[in-house]
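Q: Predicted structure and sequence below. I'll ask about it afterward.
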Amino acid sequence: MDGGPHQDQWMAYSLDGGMSFIKYKRIIGGAEVENGITFRDPKVFKVQDGVWGILVGGGQFRFYTSTDLKVWEFAGDMPIYAECPDIYKLSTDGGGKWVINVGGIGYVVGDLSYNEGE
C-alpha cells in the first residue's frame with residue numbers, strides 16, 4: 001500500500017428484530033482508497049448453501065466470500081466503478097445467471113465463480 005487512506009467494513013447484529021444493533025467488529029479491513037474512490041455500500045448475498053458473498057461498491061467493485069459471515073476472504077474485483085451495487089441470481093432454463101445492478105445505471109449478467117473472483 002502506498003500510504004493512502006484506508007476504509008473498512010464493520011459488522012453489527014440485532015437480537016430484537018432490527019430495533020437496535022450491537023457493533024460486532026471489523027470484518028474487512030484496510031481497503032486502500034484515493035482520489036475520492038471509496039469502499040462502501042456492501043451487499044451481502046447467499047452464493048450457495050454454506051457460502052456467503054459481499055459485493056462492495058463506492059469504487060471498483062470488490063467481492064469477498066465467507067462460510068460464517070464473520071471471516072471474509074477477498075475473491076476478486078470487477079473494473080466497474082459505482083455506488084450501491086446489488087447482486088442476485090435469476091433462474092433460467094440453464095440453471096441461473098447472476099445479475100449485478102450497477103447503482104441503478106445499468107447491469108451486468110453472467111456467471112459467478114467466487115473461487116476465481118470472476
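A: Looks like it arrived, so ask away.

Q: Can you list the low-confidence ranges for the protein?
A: Along the chain, the parts satisfying pLDDT under 70 run over 1-4, 30-37, 114-118.

Q: all strands of this protein, in order?
A: Read by DSSP state E, the chain holds these strands, from start to end of the chain: 6-13, 22-32, 40-48, 51-57, 59-66, 73-82, 86-90, 97-101, 107-110.

Q: Which elements pack onto the last one?
A: Read that as strand 107-110. Judged by 3 or more Cβ pairs under 8 Å, 6 or more residues apart in numbering; DSSP states H and E, strand 107-110 is in contact with strand 97-101. C-beta here means a position set from N, CA and C on the backbone, and glycine is covered the same way.

Q: Return the angle between stretch directions for the strand it packs on and strand 73-82.
A: What separates the directions of strand 97-101 and strand 73-82 is an angle of 50 degrees, with axes from the mean of the first three to the mean of the last three Cα atoms, to 10 degrees.

Q: How many neighbouring residues does the closest residue to Ile27 other than its chain neighbours have?
A: Nearest residue to Ile27 in three dimensions, chain neighbours excluded: Met11, at 4.7 Å (Cβ to Cβ, 6 or more residues apart in numbering). Met11 has 17 neighbouring residues, counting by other Cβ atoms under 10 Å.

Q: Ile54 now?
A: By the measure other Cβ under 10 Å, the count of residues near Ile54 is 20.

Q: what about the closest residue to it other than its chain neighbours, how many neighbours?
A: Nearest in space to Ile54, with sequence neighbours left out and distances taken as Cβ to Cβ, 6+ apart, is Tyr64 at 4.6 Å. Other residues within reach of Tyr64 by the criterion other Cβ under 10 Å amount to 22.

Q: Was I right to think Tyr64 contacts Ile28?
A: Yes. Look at Tyr64 against Ile28 with Cβ atoms under 8 Å: they come within range, at 5.9 Å.

Q: residues touching the residue most central in space within the chain, list them.
A: Centre of the chain computed as the mean C-alpha position; nearest residue by Cα atoms, centre = their mean is Leu55, 1.6 Å away. Going by Cβ atoms under 8 Å, 6 or more residues apart in numbering, Leu55 touches 42-43, 45, 61-63, 85-87, 100.
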